[in-house]
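Participant: Quick check, what structure comes out for this input:
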Amino acid sequence: MNRQPFVPFNGMQSYIRTQNAKKAIRSDMLRIALGLLLLSVLSNIYSVVGLFAYALYFAGRTGISLQIAMQLSGQNAIGTFITGYLPVMLADLTVILLFFKILSFPCRERMFQKPKAPPRFWLFGAIATPGGSALGVLGTLVIMAFFTAFGLEVPGPDFALPEDPAAKTLILLYACLLGPLLEEILFRGFILRRLRRHSPIFAVVMSSILFAMFHMNLLQFCTPVILGIFLSALTLTSGSIWPAVLGHMLNNCLAFAVDFIPETSPAFYLVYFGYLGIGLALFILFLILFRKPLLFYLRAKIPPILSLGTQFSSALLSGGWITYGVWYLFNLLALFLIY
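Facilitator: I've put the predicted structure just below:
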């Protein structure tokens, strides 16, 4: 009697593929969460080391005690940069180097290649990026109104520039050039590209939420989510992170430019609301004109192993996401208790 060859049960094959896809998402989320958690911890460590080193220098130069020097160092303009912005930059660099290994990212040149899209697309996209911040301001106002209704003040970062020229130059150099470059390498260069293998929409939304959580405060949540989604779509459509880097730099430059105008001056409100209005108009215009190429790349054909809902549930129930989420909530609670 001839025996028919054994054929695996289709349902079992589908089940195995589904479990493997879920496992891949959980694995990616764990690696990314560990990297971002390490970044946050390292920035705190570097901050303490920077404070101690600068206090030693400050004490030796002025002749005061180390204890008093440590108290004054955090209030000094240069000390603020050394204990605030510089540690984040060093932590970014450390995690970027580690991401090449822990995310198994072999094709370094693909991240920094020239945009494949026409200049009219990615240049307009970069110019329209600050409009995402204008939209984010509306979301931030909603968050502030919600907490104000319960008698709570939402703590946030202080973006006021110091009077010291050297400290002001260092802060602007980081906030307008180095910071955007490093953050885009992390979130659009590594995280977005790593998660894209599951689906473009999942990668765009999840990387943007992580981008917002990276800032570790509620006042910087809505704007990074909106900017993250926009810059991610810009990256996928153009095939390069450079348009996102340019847009991120322009957004930060305009945000800090307003700080140079005194709030008591009538020009402040003219520039501020003009920046929000024109930026939002350009943002909406870009989305209208280039909606087709943006949607085309977001709907790119990926084998439908998992539905979009299952992808998000797999990510949100993963150990990596839960760990980083607890750390994020802990930092928010600490901010509320301190301020």
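
Participant: rest of the way, CA atoms for contacts and neighbours
Facilitator: OK.

Participant: what's next to stretch 27-40, contact-wise?
Facilitator: 88, 91-92, 94-95, 98-99, 102-103, 191, 194-195, 214, 315, 318-321, 323-324, 327 (Cα atoms under 8 Å, 6 or more residues apart in numbering).

Participant: try it again with 6 Å
Facilitator: Defining contact as Cα atoms under 6 Å, 6 or more residues apart in numbering, one finds that stretch 27-40 is touched by 91, 320, 324.

Participant: Quick one: mean pLDDT for that stretch?
Facilitator: Along stretch 27-40, the predicted local confidence has a mean pLDDT of 94.

Participant: now stretch 173-182
Facilitator: In this model, stretch 173-182 has a mean pLDDT of 93.

Participant: buried set for it?
Facilitator: Judged by neighbour count (16 or more other Cα atoms under 10 Å), stretch 173-182 contains these buried residues: 174-177, 179-182.

Participant: Filter those down to the ones in helices?
Facilitator: In this view, the buried residues of stretch 173-182 that belong to helices under DSSP state H are 179-182.

Participant: and the residues you listed as TSV, adding distance to Y297?
Facilitator: Written out in TSV, the entries for these read as follows (distance: Cα to Cα, whole Å):
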residue	distance to Y297
G179	27
P180	24
L181	23
L182	24
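
Participant: List just the nearest of those to V49.
Facilitator: When those are compared for distance to V49 (Cα to Cα), G179 wins out at 20.5 Å.

Participant: Return the residues in contact with the closest one.
Facilitator: G179 sits next to no residue when contact means Cα under 6 Å, 6+ apart.

Participant: hmm, back to that, need the buried residues of stretch 173-182 in JSON lines with distance to Y272, can you?
Facilitator: Below are the buried residues of stretch 173-182 laid out as JSON lines (distance: Cα to Cα, whole Å):
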{"residue": "Y174", "distance to Y272": "22"}
{"residue": "A175", "distance to Y272": "19"}
{"residue": "C176", "distance to Y272": "18"}
{"residue": "L177", "distance to Y272": "22"}
{"residue": "G179", "distance to Y272": "23"}
{"residue": "P180", "distance to Y272": "22"}
{"residue": "L181", "distance to Y272": "25"}
{"residue": "L182", "distance to Y272": "27"}
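
Participant: So which of the contacts of stretch 27-40 are in helices?
Facilitator: Applying DSSP H to the contacts of stretch 27-40, the entries found in helices are 91, 320, 324.

Participant: Make TSV out of the residues you listed and add distance to T62.
Facilitator: As requested, the ones in helices among the contacts of stretch 27-40 are exported to TSV (distance: Cα to Cα, whole Å):
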residue	distance to T62
A91	30
G320	47
Y324	42
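
Participant: In TSV: those, plus neighbour count and distance to A77.
Facilitator: Putting the ones in helices among the contacts of stretch 27-40 into TSV (neighbours: other Cα atoms under 10 Å; distance: Cα to Cα, whole Å) gives the following:
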residue	neighbour count	distance to A77
A91	21	21
G320	21	37
Y324	22	31
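
Participant: Out of those, which is nearest to L227?
Facilitator: Within the ones in helices among the contacts of stretch 27-40, the smallest distance to L227 is 21.0 Å, found for Y324 (Cα to Cα).

Participant: which ones are touching the closest one?
Facilitator: Taking Cα under 6 Å, 6+ apart as the criterion, Y324 is in contact with A33.

Participant: And it, how far from D92?
Facilitator: Separation of Y324 from D92 (Cα to Cα, to the nearest Å): 17 Å.

Participant: before we move on, what about A212?
Facilitator: Taking Cα to Cα as the measure, A212 falls 15 Å from D92.

Participant: Then G131?
Facilitator: Applying Cα to Cα, one obtains 26 Å for the distance of G131 from D92.

Participant: Also S232?
Facilitator: According to Cα to Cα, S232 stands 19 Å off from D92.

Participant: neighbour count winner among those two?
Facilitator: Of the pair S232 and D92, S232 is the one with more neighbours under other Cα atoms under 10 Å, namely 29 against 24.

Participant: what mean pLDDT does whichever strand or helix holds the more buried one have?
Facilitator: Element membership of S232 [criterion: DSSP states H and E] is helix 222-238. Helix 222-238 carries an average pLDDT of 95.

Participant: so what does it touch, helix or strand wise?
Facilitator: Other helices and strands packing on helix 222-238, by 3 or more Cα pairs under 6 Å, 6 or more residues apart in numbering; DSSP states H and E, are helix 130-149, helix 200-214.

Participant: Now do the contacts for L177.
Facilitator: Under the criterion of Cα under 6 Å, 6+ apart, the contact partners of L177 comprise M249.

Participant: From P119, how far out is the nearest residue to L93 once chain neighbours are set aside?
Facilitator: Nearest non-adjacent residue to L93, counting by Cα to Cα, 6 or more residues apart in numbering: L182, 7.3 Å away. Plainly put, L182 is 23 Å away from P119 if you go by Cα to Cα.

Participant: what's the answer for V142, then?
Facilitator: Separation of V142 from P119 (Cα to Cα) stands at 36 Å.

Participant: Could you do G239 as well?
Facilitator: In this structure, G239 lies at 12 Å from P119, with Cα to Cα as the measure.
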